[in-house]
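Visitor: everything below, folded, please.
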Amino acid sequence: MTAIPEPKESGIWPSQWLLKAVDSGLVDAPGFEERQLQPASLDLRLGPRAYRLRCSFLPGKNDTVLDQLEVFGVGPPIELDDGAILERNRAYLIPLQESLALRGGVRARANPKSSTGRLDVFTRVITDRTTGFDDVRRGYEGRLYLEVVPRSFAVMVRTGLALNQLRLMTGDTHVSDDELRAAHRESPLMYRQDGRPLDRRDVRAQEGIWLSLDLLKRGDAAVGYVAKHNSGLVDMGLVGEYDPNLFWDKVVPETGNRIVLEPEDFYLLLSAEAVRVPPEFAAEMSALEPSGGEVRTHYAGFFDPGFGHDPAGLWSLGSRAALEIRAHDVPFAVDNLQRVCKLRFERMLETPHHFYGAGHGSHYQGQLSTLSKHFRIDRAADQLTFQQSSSPRARRA
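Guide: Okay, the predicted model is just below:
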């Protein structure tokens, strides 16, 4: 093992520092593969078995996850080596292959991968003796566990599949609103759909930059998708396998550029703004505050350095953000350009050695669609043009 890395600056650890973390044992990753490295995060792999839960839980300050599993587990373990089906709306606990031995001021934060969130698979990382999900405190030593709840579709998973990712960080990573405005003046962070940078007066910074919905009515063209009820099985290890018509209905706005979100239905929509995350920054989506409506926005929130960024300088139009949205309790109306979430920027410790989209299996650079990689979509064309289903739920929302 190499010496434990000790960064002198504050920031999110880039891929080359994450590799040092693995080599030094700060992250224990048996059978580690470099494809787990993303520009600012490390993919976390499922272990060989899952456990059914009768309810979600947190272990609290005095218990381990395995202590609580004895209380809340149901039935025998589910073996994942040959693949196993996780049923809709049931909670599962899956020990991950990676564990941590954090030192000094290093802390960690986890988040679902984008493809996980777009498939409406709700996940969050749990650690021993904690009162919160996804955030891993300084000095933590121990295993990582993943709570998994498929919401819209039954899914098949297997050992080694990565549903979540982990960031390491030290010090104060926060980028202030003044710094964001200055960065946008220097090299734009936000673009209109016609490719023009947002005027600095339209960059609405408030502990991050606000994003709004694109619900502009364009004839019968869809602005997004809503998950069908009681669809078939999705194998999360497959790419480009499934006909979207069997799983999704198109969403077409009403006259007046509005849709009404049905309670507990799952929607995939696009931001009106295109985003560029420069190499010196990482970003994370934060959901709408409860005072803004009973809506959960964005289940998978990490944006890597290089998202919407062209290092060769041939284009600088940004990429639009996919927004995973679910309304609670009552139908909820949303309008074109309505603010729904914020993109919070964080400082990188160093510029990563590779960027998002630069030949490293990044599926969503320059995206025109919100569907996950599992579905058959021509990602070089307008991806909201698949033929409208005859289902009665293919509707004007």
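
Visitor: confidence score at Val295?
Guide: What the model reports as pLDDT for Val295 is 66.

Visitor: residues near the spatially closest residue to Gly139 that is not a sequence neighbour, how many?
Guide: Counting by Cβ to Cβ, 6 or more residues apart in numbering, Leu102 is the residue found nearest to Gly139 once chain neighbours are left out, at 5.6 Å. Quick note: C-beta positions are derived from backbone N, CA and C, even for glycine. For Leu102, the neighbour count with other Cβ atoms under 10 Å is 20.

Visitor: likewise for Asp265?
Guide: Residues near Asp265, counting by other Cβ under 10 Å: 20.

Visitor: that one and Ala110, how far apart?
Guide: Distance, Asp265 to Ala110, using Cβ to Cβ, to the nearest Å: 26 Å.

Visitor: also Ser286?
Guide: Distance from Ser286 to Ala110, by Cβ to Cβ: 15 Å.

Visitor: next: Ile209.
Guide: Separation of Ile209 from Ala110 (Cβ to Cβ) stands at 23 Å.

Visitor: cool, Val340 as well?
Guide: 23 Å.

Visitor: where does the stretch 151-300 of the chain dip in pLDDT?
Guide: Along the stretch 151-300 of the chain, segments meeting pLDDT under 70 span 287-300.

Visitor: who has more neighbours, Ser286 and Ala110?
Guide: Between Ser286 and Ala110, counted using other Cβ under 10 Å, the more crowded position is Ala110 (24 against 15).

Visitor: tell me which element the more buried one is part of?
Guide: Secondary structure assigned from DSSP states H and E places Ala110 in strand 107-112.

Visitor: and for Tyr225?
Guide: Here Tyr225, judged by DSSP H and E, is contained in strand 224-227.

Visitor: direction included, what does that strand pair up with?
Guide: Strand pairing for strand 224-227, using DSSP bridges, gives strand 248-252 (antiparallel), strand 266-275 (antiparallel).

Visitor: run a quick neighbour tally on Met1.
Guide: When neighbours are counted by other Cβ under 10 Å, Met1 registers 8.

Visitor: and what of Gln16?
Guide: The local packing of Gln16 (other Cβ under 10 Å) involves 16 other residues.

Visitor: repeat for the one 3 residues further on
Guide: Taking other Cβ under 10 Å as the criterion, the count of residues near Leu19 is 20.

Visitor: kindly report the same for Glu33.
Guide: By the other Cβ under 10 Å criterion, the neighbourhood of Glu33 contains 10 residues.

Visitor: for Leu19, which three-state class applies?
Guide: helix (DSSP: H, G, I helix; E, B strand; the rest coil).

Visitor: need the nearest residue in space to it, chain neighbours excluded.
Guide: Nearest residue to Leu19, sequence neighbours excluded (Cβ to Cβ, 6+ apart): Leu37, at 6.4 Å.
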